[in-house]
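>>> Fold the following and give me the result.
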Amino acid sequence: MQYFEDIEPGRTAAFGRYEVTADEVREFASKYDPQPFHLSEEEAAKTHFGRISASGWHTCAMTMAMLVENLKANRQAGLGSPGIDQLRWIKPVYPGDTLRCESTVIEKRRSQSRPEMGIFKSSLTVFNQNDEPVMTMISNGLIQVRDPDAPIEG
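This next block holds a predicted model:
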């Protein structure tokens, strides 16, 4: 199991593989972001997208699926997240794209009020199959501390 003590600022990880399908793009959009360029090829062709594209929120959801799979594979003692500091949709995601992630730990600290918990900040980039960045975010993760009775540094 990977705990707070095992997190190293500067560590980079590459993970995930997510194949984007037209059916999933339409299904997500119809429920959560029903804008015409996410639902109709004809309407999307009239926009700067040129063809149907995934909602940015769908890109976030696909990224979350890859993140959780990576957490399970690496047996991380994750405790959720208090949120993200920054989110950018850089390039449209289209049906037929295959997404992957790269993440770098920026910093970490122990919680002053909850000594059993640590917080780490990561920079995450999502790439398509052409190695073009499609989304970036700065995320904050909560993780269990192996030894909550150890002194808090700093």
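
>>> what number of residues lie near residue 22?
Look at residue 22: counted by other C-beta atoms under 10 Å, it has 14 neighbours. No exception for glycine: its C-beta is placed from N, CA and C like everyone else's.

>>> try the one 10 residues further on
Burial of residue 32 is recorded as 12 neighbouring residues (other C-beta under 10 Å).

>>> Just to check, it is in contact with residue 54?
No. In this structure, residue 32 is not within contact of residue 54 by C-beta atoms under 8 Å, at 11.1 Å.

>>> centroid residue for this protein?
residue 63 (4.1 Å; C-alpha atoms, centre = their mean).

>>> longest single helix anywhere in this protein?
helix 56-73 (DSSP state H).

>>> Quickly find the element holding the closest residue in space to residue 29 that isn't next to it in sequence.
In space, and not counting its chain neighbours, residue 29 is closest to residue 38: 3.4 Å by C-beta to C-beta, 6 or more residues apart in numbering. Following DSSP states H and E, one finds residue 38 within helix 36-39.

>>> ok now the very next helix or strand once past that helix, how far from the chain's centre?
Sequence-wise, the next helix or strand downstream of helix 36-39 (DSSP H and E) is helix 41-45. Centroid displacement of helix 41-45 relative to its chain, using C-alpha atoms, centre = their mean, to the nearest Å, is 28 Å.

>>> ditto for stretch 145-154
28 Å.

>>> And the contacts of it?
The contact list for stretch 145-154, computed with C-beta atoms under 8 Å, 6 or more residues apart in numbering, reads 3-6, 77, 109-110, 112, 115-118.

>>> What pLDDT is listed against the closest residue to residue 62 other than its chain neighbours?
Of all residues not flanking residue 62 in the chain, residue 18 sits nearest, at 4.8 Å (C-beta to C-beta, 6+ apart). Listed pLDDT for residue 18 reads 98.
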